[in-house]
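A.B. asks: Take this sequence and fold it.
(one chain, ligands or ions: 2)
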Amino acid sequence: MERNPVGKLLLFGATGDLAKRMLLPSLYGLHADGLLPAGLTITGSARSDLNDDAFRDVTRKALDEFLPADRKDAGAIDSFLQRLQFQPADLSDPNSFQPLADKIGDVSSGLAIYLSTAPSLFEPAVRGLESVGLAGDTVRIGLEKPLGYDLESSREINDTVASAFPEDRIFRIDHYLGKETVQNILALRFGNSMFEPIWNATGIDNVQITIAETVGLEDRAGYYEGAGALRDMVANHVLQLVALIAMEPPALYDGTAIRDEKAKVFRSLRHMKPEEVQGYTVTGQYEEGAVSGKVVRGYDSELGYDSDVETFVAIKAFVDNWRWQGVPFYLRTGKRMAKRRSEIAIQFKPVPHSMFSGRGGLLQPNKLIIRLQPEEYIQLLVMTKEPGLDREGIKLREVPLNLSLDAQFAGSRRRIAYERLLLDLIEGDQTLFVRRDEVEAQWRWIDAIRAGWAAAQTKPKHYAAGTWGPAGAIALTERDGVSWHDD
Ligand SMILES: NC(=O)C1=CN([C@@H]2O[C@H](COP(=O)(O)OP(=O)(O)OC[C@H]3O[C@@H](n4cnc5c(N)ncnc54)[C@H](OP(=O)(O)O)[C@@H]3O)[C@@H](O)[C@H]2O)C=CC1
Ligand SMILES: O=C1O[C@H](COP(=O)(O)O)[C@@H](O)[C@H](O)[C@H]1O
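C.D. replies: Ligands and ions are numbered 1, 2, ... in the order given. Purely as a prediction, here's the structure:
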(Lines give C-alpha, C1' and ligand atoms only; values in the text may rest on other atoms or scores of the structure.)
(Ligands and ions follow the chains in the order given, each with its own letter.)
Protein backbone atom coordinates (compact mmCIF):
# COMPACT_ATOMS: atom_id res chain seq x y z
CA MET A 1 0.00 0.00 0.00
CA GLU A 2 1.14 3.52 -0.71
CA ARG A 3 2.35 5.22 2.45
CA ASN A 4 1.52 8.83 2.97
CA PRO A 5 3.34 10.16 6.06
CA VAL A 6 2.16 13.29 7.82
CA GLY A 7 4.48 16.05 8.98
CA LYS A 8 2.81 16.69 12.36
CA LEU A 9 1.36 14.64 15.21
CA LEU A 10 -1.01 16.00 17.86
CA LEU A 11 -1.35 13.86 20.97
CA PHE A 12 -4.29 14.60 23.26
CA GLY A 13 -4.01 13.09 26.75
CA ALA A 14 -0.25 13.54 26.52
CA THR A 15 0.21 13.64 30.30
CA GLY A 16 -1.93 10.55 30.98
CA ASP A 17 -1.03 7.03 32.03
CA LEU A 18 -1.28 5.55 28.54
CA ALA A 19 0.85 8.30 27.02
CA LYS A 20 3.56 7.91 29.64
CA ARG A 21 3.67 4.10 29.68
CA MET A 22 3.07 3.36 26.00
CA LEU A 23 2.65 6.19 23.52
CA LEU A 24 5.67 8.37 24.27
CA PRO A 25 8.02 5.36 24.67
CA SER A 26 6.65 4.00 21.38
CA LEU A 27 7.22 7.28 19.56
CA TYR A 28 10.71 7.39 21.01
CA GLY A 29 11.33 3.80 19.83
CA LEU A 30 10.34 4.77 16.28
CA HIS A 31 12.48 7.90 16.45
CA ALA A 32 15.52 6.01 17.76
CA ASP A 33 15.23 3.53 14.87
CA GLY A 34 14.96 6.32 12.31
CA LEU A 35 11.39 5.41 11.41
CA LEU A 36 9.66 8.73 12.03
CA PRO A 37 9.49 11.19 9.14
CA ALA A 38 12.51 13.50 9.44
CA GLY A 39 10.69 16.72 10.24
CA LEU A 40 7.78 15.26 12.20
CA THR A 41 6.81 17.49 15.15
CA ILE A 42 4.84 16.11 18.08
CA THR A 43 2.50 18.46 19.93
CA GLY A 44 1.32 17.17 23.29
CA SER A 45 -1.87 18.52 24.79
CA ALA A 46 -3.86 18.19 28.03
CA ARG A 47 -5.38 20.64 30.50
CA SER A 48 -2.18 20.82 32.57
CA ASP A 49 -0.52 24.17 32.25
CA LEU A 50 2.83 23.07 30.86
CA ASN A 51 5.19 24.83 28.49
CA ASP A 52 7.35 23.01 25.92
CA ASP A 53 10.24 22.50 28.33
CA ALA A 54 8.02 21.23 31.14
CA PHE A 55 6.45 18.71 28.75
CA ARG A 56 9.90 17.59 27.63
CA ASP A 57 10.74 17.03 31.32
CA VAL A 58 7.57 14.99 31.81
CA THR A 59 8.47 12.94 28.75
CA ARG A 60 12.09 12.45 29.81
CA LYS A 61 10.87 11.09 33.19
CA ALA A 62 8.37 8.80 31.47
CA LEU A 63 11.07 7.42 29.14
CA ASP A 64 13.36 6.93 32.09
CA GLU A 65 10.69 5.01 33.97
CA PHE A 66 9.17 2.96 31.18
CA LEU A 67 11.87 2.27 28.60
CA PRO A 68 13.89 -0.93 29.01
CA ALA A 69 17.50 -0.15 29.94
CA ASP A 70 18.89 -1.35 26.58
CA ARG A 71 16.71 1.16 24.70
CA LYS A 72 17.88 4.23 26.58
CA ASP A 73 20.24 6.17 24.37
CA ALA A 74 20.97 9.63 25.76
CA GLY A 75 21.60 11.15 22.32
CA ALA A 76 18.44 9.67 20.83
CA ILE A 77 16.39 10.83 23.83
CA ASP A 78 17.72 14.39 23.46
CA SER A 79 16.96 14.52 19.75
CA PHE A 80 13.51 12.97 20.33
CA LEU A 81 12.67 15.64 22.91
CA GLN A 82 13.49 18.31 20.31
CA ARG A 83 10.53 17.10 18.27
CA LEU A 84 8.14 17.85 21.17
CA GLN A 85 6.12 20.91 22.05
CA PHE A 86 3.07 21.39 24.26
CA GLN A 87 -0.13 23.37 24.15
CA PRO A 88 -2.56 23.29 27.11
CA ALA A 89 -6.17 22.77 26.02
CA ASP A 90 -9.37 21.80 27.78
CA LEU A 91 -11.26 19.78 25.20
CA SER A 92 -14.57 20.77 26.75
CA ASP A 93 -13.77 24.46 26.24
CA PRO A 94 -14.32 25.66 22.64
CA ASN A 95 -11.93 28.57 23.28
CA SER A 96 -9.01 26.16 23.73
CA PHE A 97 -8.80 25.26 20.06
CA GLN A 98 -7.61 28.44 18.36
CA PRO A 99 -4.42 28.65 20.48
CA LEU A 100 -3.88 24.96 19.65
CA ALA A 101 -4.29 25.58 15.92
CA ASP A 102 -1.92 28.55 16.18
CA LYS A 103 0.68 26.44 17.93
CA ILE A 104 0.46 23.65 15.35
CA GLY A 105 0.47 26.01 12.40
CA ASP A 106 0.15 24.96 8.78
CA VAL A 107 -1.18 21.42 8.32
CA SER A 108 -0.70 21.12 4.58
CA SER A 109 2.10 18.61 5.21
CA GLY A 110 -0.46 16.43 6.99
CA LEU A 111 -1.55 16.12 10.63
CA ALA A 112 -2.28 12.93 12.58
CA ILE A 113 -4.31 13.43 15.76
CA TYR A 114 -4.35 10.82 18.53
CA LEU A 115 -7.16 11.10 21.08
CA SER A 116 -5.87 9.33 24.19
CA THR A 117 -8.64 10.69 26.40
CA ALA A 118 -11.98 9.54 27.78
CA PRO A 119 -14.51 9.01 24.94
CA SER A 120 -16.84 11.58 26.53
CA LEU A 121 -14.34 14.16 25.18
CA PHE A 122 -14.42 12.87 21.59
CA GLU A 123 -17.43 14.97 20.61
CA PRO A 124 -16.18 18.35 21.91
CA ALA A 125 -12.74 17.49 20.53
CA VAL A 126 -14.07 16.84 17.04
CA ARG A 127 -16.26 19.95 17.10
CA GLY A 128 -13.40 22.11 18.34
CA LEU A 129 -10.90 20.74 15.83
CA GLU A 130 -13.35 21.29 13.00
CA SER A 131 -14.06 24.86 14.12
CA VAL A 132 -10.39 25.85 13.75
CA GLY A 133 -9.64 24.01 10.50
CA LEU A 134 -7.95 20.97 12.07
CA ALA A 135 -10.24 18.43 10.38
CA GLY A 136 -9.51 19.06 6.71
CA ASP A 137 -8.37 16.69 3.96
CA THR A 138 -4.81 16.44 5.25
CA VAL A 139 -5.84 15.48 8.79
CA ARG A 140 -6.43 11.95 10.12
CA ILE A 141 -7.65 11.00 13.59
CA GLY A 142 -6.85 8.05 15.88
CA LEU A 143 -9.31 7.09 18.62
CA GLU A 144 -8.38 5.14 21.75
CA LYS A 145 -10.79 2.62 23.18
CA PRO A 146 -13.38 2.40 24.59
CA LEU A 147 -15.42 3.28 21.51
CA GLY A 148 -18.61 3.56 23.53
CA TYR A 149 -20.14 1.25 26.11
CA ASP A 150 -22.93 -0.19 23.93
CA LEU A 151 -24.19 -0.03 20.36
CA GLU A 152 -26.07 3.21 20.83
CA SER A 153 -23.18 5.12 22.40
CA SER A 154 -20.71 3.74 19.86
CA ARG A 155 -23.00 4.92 17.07
CA GLU A 156 -23.11 8.36 18.62
CA ILE A 157 -19.31 8.49 18.74
CA ASN A 158 -19.03 7.19 15.20
CA ASP A 159 -21.63 9.66 13.92
CA THR A 160 -19.87 12.56 15.61
CA VAL A 161 -16.47 11.64 14.26
CA ALA A 162 -17.94 10.89 10.82
CA SER A 163 -19.46 14.36 10.67
CA ALA A 164 -15.94 15.80 10.47
CA PHE A 165 -13.74 12.94 9.19
CA PRO A 166 -14.49 10.40 6.44
CA GLU A 167 -13.97 6.73 7.37
CA ASP A 168 -10.69 6.54 5.44
CA ARG A 169 -9.22 9.14 7.82
CA ILE A 170 -10.50 7.51 11.06
CA PHE A 171 -8.14 5.11 12.85
CA ARG A 172 -9.88 3.17 15.68
CA ILE A 173 -7.29 1.60 17.89
CA ASP A 174 -7.35 -1.94 19.26
CA HIS A 175 -3.83 -2.41 20.54
CA TYR A 176 -4.09 -6.22 20.23
CA LEU A 177 -3.91 -5.77 16.46
CA GLY A 178 -0.50 -4.14 16.92
CA LYS A 179 0.91 -7.23 18.63
CA GLU A 180 3.36 -9.19 16.49
CA THR A 181 1.92 -12.61 17.38
CA VAL A 182 -1.60 -11.47 16.60
CA GLN A 183 -0.49 -10.49 13.11
CA ASN A 184 1.23 -13.87 12.96
CA ILE A 185 -2.20 -15.54 12.97
CA LEU A 186 -2.64 -14.23 9.43
CA ALA A 187 0.79 -15.52 8.42
CA LEU A 188 0.11 -18.93 9.95
CA ARG A 189 -3.31 -19.33 8.37
CA PHE A 190 -2.75 -17.78 4.97
CA GLY A 191 0.98 -18.23 4.41
CA ASN A 192 0.83 -22.02 4.81
CA SER A 193 -1.28 -24.48 2.86
CA MET A 194 -1.47 -27.25 5.44
CA PHE A 195 -4.02 -25.74 7.83
CA GLU A 196 -6.73 -24.49 5.48
CA PRO A 197 -8.20 -27.91 4.49
CA ILE A 198 -8.89 -28.75 8.15
CA TRP A 199 -9.63 -25.21 9.34
CA ASN A 200 -13.37 -25.74 9.58
CA ALA A 201 -16.13 -27.65 11.36
CA THR A 202 -14.98 -30.94 9.80
CA GLY A 203 -11.46 -30.63 11.16
CA ILE A 204 -11.84 -28.55 14.32
CA ASP A 205 -13.68 -29.61 17.46
CA ASN A 206 -13.47 -26.35 19.41
CA VAL A 207 -11.53 -23.10 19.71
CA GLN A 208 -10.48 -21.64 23.06
CA ILE A 209 -9.34 -18.05 23.53
CA THR A 210 -7.93 -16.94 26.87
CA ILE A 211 -6.73 -13.51 27.89
CA ALA A 212 -5.78 -13.90 31.54
CA GLU A 213 -4.19 -11.09 33.52
CA THR A 214 -2.60 -11.14 36.96
CA VAL A 215 -3.13 -7.41 37.52
CA GLY A 216 -6.19 -6.05 39.31
CA LEU A 217 -7.92 -2.69 39.16
CA GLU A 218 -4.74 -0.58 38.84
CA ASP A 219 -6.21 2.83 39.78
CA ARG A 220 -8.77 2.59 36.98
CA ALA A 221 -11.88 2.16 39.14
CA GLY A 222 -13.69 5.08 37.52
CA TYR A 223 -13.41 3.50 34.12
CA TYR A 224 -13.61 -0.19 35.03
CA GLU A 225 -16.77 0.14 37.13
CA GLY A 226 -18.54 1.37 33.98
CA ALA A 227 -17.08 -1.40 31.86
CA GLY A 228 -16.38 -4.81 33.44
CA ALA A 229 -14.53 -7.63 31.75
CA LEU A 230 -17.07 -8.12 28.94
CA ARG A 231 -16.87 -4.56 27.67
CA ASP A 232 -13.25 -3.92 28.62
CA MET A 233 -11.78 -6.98 26.90
CA VAL A 234 -14.31 -9.12 25.01
CA ALA A 235 -15.99 -6.31 23.04
CA ASN A 236 -12.67 -5.53 21.37
CA HIS A 237 -9.51 -7.63 21.89
CA VAL A 238 -11.13 -11.06 22.34
CA LEU A 239 -13.52 -10.57 19.42
CA GLN A 240 -10.68 -9.39 17.18
CA LEU A 241 -8.91 -12.67 17.93
CA VAL A 242 -12.10 -14.60 17.12
CA ALA A 243 -12.28 -12.80 13.79
CA LEU A 244 -8.68 -13.53 12.84
CA ILE A 245 -9.18 -17.23 13.61
CA ALA A 246 -12.59 -17.52 11.95
CA MET A 247 -12.31 -15.23 8.91
CA GLU A 248 -12.29 -16.43 5.30
CA PRO A 249 -9.03 -15.92 3.39
CA PRO A 250 -8.83 -12.30 2.24
CA ALA A 251 -7.78 -11.85 -1.38
CA LEU A 252 -5.14 -9.25 -0.50
CA TYR A 253 -3.18 -8.09 2.53
CA ASP A 254 -4.89 -4.75 2.68
CA GLY A 255 -7.19 -2.81 4.96
CA THR A 256 -10.32 -3.27 2.94
CA ALA A 257 -9.97 -6.99 2.22
CA ILE A 258 -8.99 -7.94 5.77
CA ARG A 259 -11.58 -5.77 7.45
CA ASP A 260 -14.32 -6.99 5.08
CA GLU A 261 -13.63 -10.56 6.19
CA LYS A 262 -13.45 -9.69 9.88
CA ALA A 263 -16.73 -7.78 9.66
CA LYS A 264 -18.42 -10.85 8.14
CA VAL A 265 -17.34 -12.90 11.15
CA PHE A 266 -18.77 -10.34 13.58
CA ARG A 267 -22.03 -10.35 11.67
CA SER A 268 -22.10 -14.17 11.85
CA LEU A 269 -21.71 -14.34 15.63
CA ARG A 270 -24.81 -16.07 16.97
CA HIS A 271 -26.76 -13.61 19.08
CA MET A 272 -27.88 -15.05 22.38
CA LYS A 273 -31.52 -14.82 23.34
CA PRO A 274 -31.99 -13.47 26.89
CA GLU A 275 -33.04 -16.91 28.17
CA GLU A 276 -29.91 -18.53 26.64
CA VAL A 277 -27.39 -16.17 28.19
CA GLN A 278 -27.24 -17.97 31.55
CA GLY A 279 -26.28 -21.24 29.89
CA TYR A 280 -23.62 -19.72 27.63
CA THR A 281 -21.87 -17.24 29.92
CA VAL A 282 -20.24 -17.24 33.35
CA THR A 283 -19.21 -14.13 35.25
CA GLY A 284 -16.91 -13.78 38.22
CA GLN A 285 -15.32 -11.22 40.51
CA TYR A 286 -12.04 -11.77 42.30
CA GLU A 287 -11.80 -11.81 46.05
CA GLU A 288 -8.72 -11.94 48.24
CA GLY A 289 -6.16 -14.52 47.21
CA ALA A 290 -2.53 -14.99 46.25
CA VAL A 291 -1.10 -14.05 42.87
CA SER A 292 2.45 -15.19 42.16
CA GLY A 293 2.87 -15.89 45.87
CA LYS A 294 1.73 -12.44 46.96
CA VAL A 295 -1.51 -11.91 48.90
CA VAL A 296 -3.77 -9.40 47.14
CA ARG A 297 -7.04 -7.78 48.09
CA GLY A 298 -10.40 -8.55 46.56
CA TYR A 299 -12.06 -6.24 44.03
CA ASP A 300 -14.63 -4.83 46.48
CA SER A 301 -11.91 -4.16 49.02
CA GLU A 302 -9.82 -2.29 46.42
CA LEU A 303 -12.88 -0.23 45.50
CA GLY A 304 -13.97 0.43 49.06
CA TYR A 305 -17.58 -0.59 48.36
CA ASP A 306 -19.57 -3.58 47.13
CA SER A 307 -19.83 -3.86 43.38
CA ASP A 308 -21.51 -6.30 41.00
CA VAL A 309 -19.11 -5.56 38.14
CA GLU A 310 -17.54 -8.69 36.63
CA THR A 311 -13.76 -8.98 36.56
CA PHE A 312 -13.99 -12.33 34.77
CA VAL A 313 -16.19 -13.63 31.99
CA ALA A 314 -16.33 -16.91 30.11
CA ILE A 315 -18.53 -17.37 27.06
CA LYS A 316 -19.47 -20.21 24.74
CA ALA A 317 -19.94 -18.54 21.38
CA PHE A 318 -20.81 -19.73 17.88
CA VAL A 319 -20.02 -18.34 14.45
CA ASP A 320 -23.04 -19.19 12.34
CA ASN A 321 -21.70 -19.80 8.85
CA TRP A 322 -20.80 -22.84 6.74
CA ARG A 323 -17.22 -23.07 7.90
CA TRP A 324 -17.91 -22.99 11.64
CA GLN A 325 -21.34 -24.59 12.03
CA GLY A 326 -21.53 -26.27 15.45
CA VAL A 327 -17.96 -25.42 16.54
CA PRO A 328 -17.94 -23.82 20.00
CA PHE A 329 -15.62 -20.88 20.56
CA TYR A 330 -14.91 -20.83 24.29
CA LEU A 331 -13.76 -17.35 25.31
CA ARG A 332 -12.54 -16.22 28.72
CA THR A 333 -10.79 -13.24 30.17
CA GLY A 334 -10.22 -12.07 33.69
CA LYS A 335 -8.14 -10.05 36.10
CA ARG A 336 -6.14 -11.46 39.03
CA MET A 337 -5.94 -14.87 37.45
CA ALA A 338 -3.46 -17.68 38.05
CA LYS A 339 -1.05 -16.57 35.30
CA ARG A 340 -0.66 -13.80 32.76
CA ARG A 341 -1.45 -15.48 29.49
CA SER A 342 -3.01 -14.62 26.14
CA GLU A 343 -3.48 -17.72 24.11
CA ILE A 344 -5.54 -19.37 21.40
CA ALA A 345 -5.94 -23.15 21.59
CA ILE A 346 -7.46 -24.91 18.59
CA GLN A 347 -8.52 -28.46 19.29
CA PHE A 348 -8.83 -30.65 16.22
CA LYS A 349 -11.26 -33.56 15.85
CA PRO A 350 -10.06 -36.90 17.23
CA VAL A 351 -8.98 -39.64 14.81
CA PRO A 352 -12.07 -41.46 13.50
CA HIS A 353 -10.85 -44.86 14.72
CA SER A 354 -7.98 -45.72 17.04
CA MET A 355 -5.99 -48.80 16.09
CA PHE A 356 -4.25 -48.39 19.45
CA SER A 357 -7.35 -48.74 21.58
CA GLY A 358 -6.71 -50.86 24.64
CA ARG A 359 -2.99 -50.92 23.91
CA GLY A 360 -1.46 -47.50 23.98
CA GLY A 361 -3.54 -45.45 26.34
CA LEU A 362 -5.79 -42.63 25.33
CA LEU A 363 -5.19 -40.75 22.11
CA GLN A 364 -5.37 -37.00 22.66
CA PRO A 365 -6.83 -34.92 19.86
CA ASN A 366 -4.25 -32.67 18.21
CA LYS A 367 -4.11 -29.10 19.42
CA LEU A 368 -2.60 -26.00 17.92
CA ILE A 369 -1.55 -23.53 20.61
CA ILE A 370 -0.85 -19.94 19.64
CA ARG A 371 0.69 -18.22 22.66
CA LEU A 372 0.52 -14.46 22.23
CA GLN A 373 2.05 -13.42 25.55
CA PRO A 374 4.04 -13.39 27.74
CA GLU A 375 5.94 -15.93 25.62
CA GLU A 376 5.46 -15.98 21.87
CA TYR A 377 5.20 -19.42 20.32
CA ILE A 378 3.15 -21.71 18.17
CA GLN A 379 2.92 -25.36 19.23
CA LEU A 380 1.26 -28.29 17.55
CA LEU A 381 0.53 -31.02 20.07
CA VAL A 382 0.82 -34.43 18.36
CA MET A 383 0.80 -38.06 19.50
CA THR A 384 4.11 -39.91 19.22
CA LYS A 385 5.37 -43.32 20.23
CA GLU A 386 7.40 -43.56 23.41
CA PRO A 387 10.80 -45.18 22.76
CA GLY A 388 10.93 -48.87 23.74
CA LEU A 389 10.44 -52.46 22.60
CA ASP A 390 6.68 -52.33 23.10
CA ARG A 391 6.53 -55.81 24.64
CA GLU A 392 3.51 -54.73 26.67
CA GLY A 393 2.01 -52.74 23.85
CA ILE A 394 2.92 -49.57 22.06
CA LYS A 395 2.80 -46.50 24.27
CA LEU A 396 1.87 -43.12 22.86
CA ARG A 397 2.51 -39.72 24.34
CA GLU A 398 1.44 -36.17 23.43
CA VAL A 399 4.46 -34.00 22.60
CA PRO A 400 4.77 -30.49 21.17
CA LEU A 401 6.11 -29.59 17.75
CA ASN A 402 7.47 -26.28 18.84
CA LEU A 403 7.96 -23.04 16.94
CA SER A 404 9.39 -20.58 19.43
CA LEU A 405 9.08 -17.15 17.88
CA ASP A 406 11.20 -15.74 20.72
CA ALA A 407 14.06 -18.07 19.75
CA GLN A 408 13.63 -18.01 15.96
CA PHE A 409 13.63 -14.23 15.87
CA ALA A 410 15.95 -13.69 18.83
CA GLY A 411 17.84 -11.03 16.87
CA SER A 412 14.84 -8.83 16.16
CA ARG A 413 13.50 -6.43 18.73
CA ARG A 414 9.99 -7.04 20.11
CA ARG A 415 8.21 -3.76 19.65
CA ILE A 416 5.45 -2.33 21.82
CA ALA A 417 2.15 -2.87 19.94
CA TYR A 418 1.66 0.91 19.92
CA GLU A 419 4.87 1.44 17.94
CA ARG A 420 3.33 -0.34 14.98
CA LEU A 421 -0.02 1.40 15.37
CA LEU A 422 1.45 4.88 15.76
CA LEU A 423 3.65 4.39 12.71
CA ASP A 424 0.67 3.16 10.69
CA LEU A 425 -1.36 6.17 11.82
CA ILE A 426 1.46 8.52 10.87
CA GLU A 427 1.86 6.79 7.49
CA GLY A 428 -1.86 6.32 6.83
CA ASP A 429 -2.18 2.51 6.70
CA GLN A 430 -5.58 1.45 8.12
CA THR A 431 -5.09 -2.34 7.90
CA LEU A 432 -4.61 -2.83 11.65
CA PHE A 433 -7.33 -0.40 12.71
CA VAL A 434 -10.96 -1.22 13.35
CA ARG A 435 -13.64 -0.13 10.89
CA ARG A 436 -16.99 1.29 11.96
CA ASP A 437 -19.02 -1.74 10.84
CA GLU A 438 -16.76 -4.03 12.87
CA VAL A 439 -17.20 -2.00 16.05
CA GLU A 440 -20.95 -1.79 15.70
CA ALA A 441 -21.36 -5.51 14.95
CA GLN A 442 -19.21 -6.27 18.01
CA TRP A 443 -21.43 -4.12 20.23
CA ARG A 444 -24.64 -5.64 18.84
CA TRP A 445 -23.46 -9.07 20.02
CA ILE A 446 -22.23 -7.77 23.37
CA ASP A 447 -25.48 -5.90 24.02
CA ALA A 448 -27.48 -9.12 23.62
CA ILE A 449 -25.39 -10.74 26.36
CA ARG A 450 -25.81 -7.77 28.65
CA ALA A 451 -29.56 -7.76 28.06
CA GLY A 452 -29.64 -11.40 29.19
CA TRP A 453 -27.65 -10.58 32.32
CA ALA A 454 -29.94 -7.67 33.10
CA ALA A 455 -33.08 -9.79 32.61
CA ALA A 456 -31.76 -12.49 34.93
CA GLN A 457 -30.21 -9.98 37.36
CA THR A 458 -26.96 -11.91 37.04
CA LYS A 459 -24.39 -11.33 39.75
CA PRO A 460 -20.77 -12.43 39.33
CA LYS A 461 -19.62 -15.47 41.34
CA HIS A 462 -16.59 -14.88 43.52
CA TYR A 463 -13.28 -16.51 42.70
CA ALA A 464 -10.06 -16.37 44.69
CA ALA A 465 -7.42 -14.14 43.14
CA GLY A 466 -4.71 -16.31 41.63
CA THR A 467 -7.08 -18.96 40.22
CA TRP A 468 -8.61 -19.57 36.78
CA GLY A 469 -11.96 -18.04 37.72
CA PRO A 470 -15.19 -19.40 39.17
CA ALA A 471 -16.05 -23.11 39.01
CA GLY A 472 -18.82 -22.37 36.52
CA ALA A 473 -16.21 -21.49 33.90
CA ILE A 474 -14.82 -25.00 34.12
CA ALA A 475 -18.31 -26.48 33.95
CA LEU A 476 -19.00 -24.41 30.80
CA THR A 477 -16.56 -26.54 28.81
CA GLU A 478 -16.61 -29.76 30.83
CA ARG A 479 -20.27 -30.35 30.13
CA ASP A 480 -19.30 -30.52 26.44
CA GLY A 481 -16.51 -32.97 27.33
CA VAL A 482 -13.86 -30.25 26.76
CA SER A 483 -11.17 -29.00 29.16
CA TRP A 484 -9.61 -25.55 29.08
CA HIS A 485 -6.00 -25.68 27.95
CA ASP A 486 -4.49 -24.59 31.26
CA ASP A 487 -0.96 -25.96 31.61
N1 LIG B 1 -4.08 3.37 30.61
C2 LIG B 1 -4.25 2.27 29.89
O3 LIG B 1 -3.58 1.26 30.07
C4 LIG B 1 -5.26 2.26 28.81
C5 LIG B 1 -6.04 3.36 28.53
N6 LIG B 1 -6.93 3.32 27.49
C7 LIG B 1 -7.75 4.48 27.19
O8 LIG B 1 -6.94 5.56 26.83
C9 LIG B 1 -7.52 6.78 27.25
C10 LIG B 1 -6.53 7.51 28.17
O11 LIG B 1 -6.28 6.67 29.26
P12 LIG B 1 -5.26 7.06 30.41
O13 LIG B 1 -4.04 7.68 29.85
O14 LIG B 1 -5.13 5.85 31.23
O15 LIG B 1 -6.09 8.14 31.22
P16 LIG B 1 -5.53 9.21 32.27
O17 LIG B 1 -6.69 9.57 33.14
O18 LIG B 1 -4.27 8.74 32.90
O19 LIG B 1 -5.15 10.45 31.35
C20 LIG B 1 -6.12 11.24 30.73
C21 LIG B 1 -5.43 12.32 29.93
O22 LIG B 1 -6.43 13.17 29.37
C23 LIG B 1 -6.19 14.53 29.82
N24 LIG B 1 -7.49 15.17 30.02
C25 LIG B 1 -8.44 14.85 30.94
N26 LIG B 1 -9.50 15.66 30.80
C27 LIG B 1 -9.21 16.52 29.78
C28 LIG B 1 -9.91 17.59 29.17
N29 LIG B 1 -11.12 17.98 29.59
N30 LIG B 1 -9.32 18.23 28.15
C31 LIG B 1 -8.10 17.86 27.71
N32 LIG B 1 -7.39 16.85 28.24
C33 LIG B 1 -7.95 16.19 29.27
C34 LIG B 1 -5.41 14.36 31.13
O35 LIG B 1 -4.59 15.47 31.43
P36 LIG B 1 -5.11 16.72 32.30
O37 LIG B 1 -5.71 16.17 33.53
O38 LIG B 1 -3.88 17.55 32.50
O39 LIG B 1 -6.09 17.40 31.44
C40 LIG B 1 -4.51 13.20 30.74
O41 LIG B 1 -3.45 13.64 29.92
C42 LIG B 1 -8.82 6.41 27.97
O43 LIG B 1 -9.90 6.48 27.07
C44 LIG B 1 -8.57 4.97 28.37
O45 LIG B 1 -9.76 4.24 28.51
C46 LIG B 1 -7.05 2.22 26.70
C47 LIG B 1 -6.30 1.09 26.92
C48 LIG B 1 -5.39 0.99 28.03
O1 LIG C 1 -7.34 -2.63 26.76
C2 LIG C 1 -6.99 -3.15 27.79
O3 LIG C 1 -5.97 -4.04 27.75
C4 LIG C 1 -5.23 -4.33 28.92
C5 LIG C 1 -4.49 -5.63 28.62
O6 LIG C 1 -3.58 -5.42 27.57
P7 LIG C 1 -2.28 -6.34 27.43
O8 LIG C 1 -1.63 -5.85 26.20
O9 LIG C 1 -1.47 -6.12 28.68
O10 LIG C 1 -2.75 -7.75 27.34
C11 LIG C 1 -6.11 -4.49 30.14
O12 LIG C 1 -5.30 -4.59 31.30
C13 LIG C 1 -7.01 -3.29 30.27
O14 LIG C 1 -7.92 -3.49 31.35
C15 LIG C 1 -7.79 -3.04 29.01
O16 LIG C 1 -8.46 -1.79 29.09
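A.B. asks: What residues does the chain have near ligand 1?
C.D. replies: Taking Cβ under 6 Å from any ligand atom as the measure of proximity, the chain contacts ligand 1 at 12-19, 46-48, 89-92, 116-119, 121, 144-146, 223. (Each C-beta comes from the backbone N, C-alpha and C, glycine too.)
A.B. asks: which among those residues end up buried?
C.D. replies: Neighbour counting by 16 or more other Cβ atoms under 10 Å classes 12-16, 18-19, 46, 89, 91, 116-117, 119, 121, 144-146 among the residues of the chain next to ligand 1 as buried.
A.B. asks: If we ignore the residues flanking it in sequence, what's nearest R267?
C.D. replies: Excluding its sequence neighbours, the residue lying closest to R267 (Cβ to Cβ, 6 or more residues apart in numbering) is A441, at 5.2 Å.
A.B. asks: and the residue of the stretch 101-250 of the chain found nearest ligand 2, what pLDDT?
C.D. replies: Ligand 2 sits closest to D232 of the stretch 101-250 of the chain, with a gap of 4.8 Å, by Cβ to the nearest ligand atom. Note for D232: predicted pLDDT of 97.
A.B. asks: ok, E427 - contacts?
C.D. replies: By Cβ atoms under 8 Å, 6 or more residues apart in numbering, E427 lies in contact with 3-5.
A.B. asks: Out of these, the closest to ligand 1 would be?
C.D. replies: Of the contacts of E427, the one sitting nearest to ligand 1 (Cβ to the nearest ligand atom) turns out to be P5, at 24.0 Å.
A.B. asks: That closest one touches G110, doesn't it?
C.D. replies: Yes: P5 sits in contact with G110 when judged by Cβ atoms under 8 Å, with a separation of 7.0 Å.
A.B. asks: higher neighbour count, those two?
C.D. replies: A side-by-side neighbour count of P5 and G110, using other Cβ atoms under 10 Å, places G110 first with 20 against 16.
A.B. asks: quick one: the more buried one and L10 touch, right?
C.D. replies: No: proximity of G110 to L10 does not meet the contact threshold set by Cβ under 8 Å, at 11.3 Å.
A.B. asks: Give me the neighbour count for D73.
C.D. replies: Using other Cβ under 10 Å, D73 has 13 other residues around it.
A.B. asks: ditto for D33
C.D. replies: 14.
A.B. asks: Let me see the backbone angles for it.
C.D. replies: For D33, the backbone dihedrals (degrees, to the nearest 10) come out as phi -90, psi 10.
A.B. asks: Return the residues in contact with the nearest residue to P350 once chain neighbours are set aside.
C.D. replies: In this structure, P350 finds its nearest non-sequential neighbour in P365, 4.5 Å apart by Cβ to Cβ, 6+ apart. The contact partners of P365, by Cβ under 8 Å, 6+ apart, come to 205, 347-350.
A.B. asks: which of these lies closest to F195?
C.D. replies: F348 (10.1 Å; Cβ to Cβ).
A.B. asks: got a list of what the residue in the stretch 151-300 of the chain positioned nearest to ligand 1 touches?
C.D. replies: Nearest to ligand 1, among the residues of the stretch 151-300 of the chain, is Y223, at 5.4 Å (Cβ to the nearest ligand atom). Contacts for Y223 (Cβ under 8 Å, 6+ apart) come out as 118, 146.
A.B. asks: quick revisit: wait, the residue of the stretch 101-250 of the chain closest to ligand 2 touches R220, no?
C.D. replies: No: under the criterion of Cβ under 8 Å, D232 makes no contact with R220, lying 9.1 Å away.
A.B. asks: how about L63, phi and psi?
C.D. replies: L63 adopts backbone torsions of phi -60, psi -40, taken as degrees, to the nearest 10.
A.B. asks: thinking again about what came up before, okay, D232 and R220: which has more neighbours?
C.D. replies: Of the pair D232 and R220, D232 is the one with more neighbours under other Cβ under 10 Å, namely 22 against 13.
A.B. asks: which residues touch the more buried one?
C.D. replies: 146, 224.
A.B. asks: Toward the C-terminus, what is the element adjacent to the biggest helix by length in the chain?
C.D. replies: Longest helix in the chain by number of residues (criterion: DSSP state H): helix 436-456. Sequence-wise, the next helix or strand beyond helix 436-456 is strand 461-464, with elements assigned using DSSP states H and E.
A.B. asks: Pull out the buried residues from that next one.
C.D. replies: The neighbour-count check on strand 461-464 (16+ other Cβ under 10 Å) flags 461-464 as buried.
A.B. asks: Number of residues surrounding the closest residue in space to R270 that isn't next to it in sequence?
C.D. replies: In space, and not counting its chain neighbours, R270 is closest to F318: 4.2 Å by Cβ to Cβ, 6+ apart. Around F318 there are 17 other residues, counting by other Cβ under 10 Å.
A.B. asks: Tell me who's in contact with V132.
C.D. replies: 97-98, 100-101.
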